[in-house]
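# for reference, the sequence and a predicted model appear below.
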Amino acid sequence: MHIRRANTRDLDQIRRLFSDTVRYVNFRDYDIEQIRIWAAGSENIDRWKSRIAEQYFLIAEKEQMMVGFASMTDEGYVDLMYVHHEHQGKGIGTALLGNLEEFAERNDKKALSADVSITARPFFEKRGFGVIKIQSREIKDITFSIYMMTKALKTKAEI
């Protein structure tokens, strides 16, 4: 597997992977209407371009195929973490998150934070994140439960 920075040439693949992951993985924890609204987030091309340009945005590739992506803001907020539905449980998410953590530690971040889905909560908990609180978020009049999570990082002195 190869991890690299994303660029705008990756946009279509990122959007497709996002939409497919929501439809094929998150359906276990969300109803049809929630999935429809969530997956429609792939259509906001300007927002995706902004994330690629403004965040530490990584792509995981295996045999020339995009198998996952993750992004983090300058503040240490893990904004995106998606792994292809056919490549779940193969260490891709762990590798992406590890790369984000290393980048954050090198840049003196004290902690990472994330707002995660019901589906993603166990993944983040296994990697040292703790739930701060459960929030409700409305998107187009549909309510989603989101877990606000955080993880303390090592300082440069501890690395």
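Structure received. Residues are numbered from 1 along each chain as shown.
# quick one: contacts for the residue nearest to the spatial centre of the chain?
Residue closest to the average C-alpha location in the chain (Cα atoms, centre = their mean): Met81, at 1.6 Å. Neighbouring residues of Met81 by Cβ atoms under 8 Å, 6 or more residues apart in numbering: Phe69, Ala70, Gly93, Leu96, Leu97, Ala114, Val116, Ala120, Phe123. Placement of C-beta: from N, CA and C, glycine included.
# just the ones in strands from these, please.
If you go by DSSP state E, the contacts of Met81 have Phe69, Ala70, Ala114, Val116 in strands.
# let me know the closest of those residues to Ala40.
Comparing those against Ala40 with Cβ to Cβ places Phe69 closest, at 18.2 Å.
# just give me the neighbour total for the closest one.
Using other Cβ atoms under 10 Å, Phe69 is surrounded by 27 other residues.
# just list whatever residues bridge to it.
Ile59, Tyr82 (DSSP bridges).
# doesn't Leu80 make contact with it?
Yes: taking contacts as Cβ atoms under 8 Å, Phe69 lies within contact range of Leu80: 6.4 Å.
# pull up the overlap in contacts between those two.
With Cβ under 8 Å, 6+ apart, Phe69 and Leu80 have common neighbours Phe18, Phe57.
# just to revisit the earlier point, pick out whichever of the ones in strands among the contacts of Met81 sits closest to Gln55.
Ala70 (9.5 Å).
# run a quick neighbour tally on the closest one.
That count, for Ala70 with other Cβ under 10 Å as the rule, works out to 26.
# in contact with the closest residue to it other than its chain neighbours, which residues?
Excluding the flanking residues, the one nearest Ala70 by Cβ to Cβ, 6 or more residues apart in numbering is Leu96, at 3.9 Å. Counting by Cβ under 8 Å, 6+ apart, Leu96 touches Ile3, Leu58, Ala60, Gly68, Phe69, Ala70, Met81, Val83.
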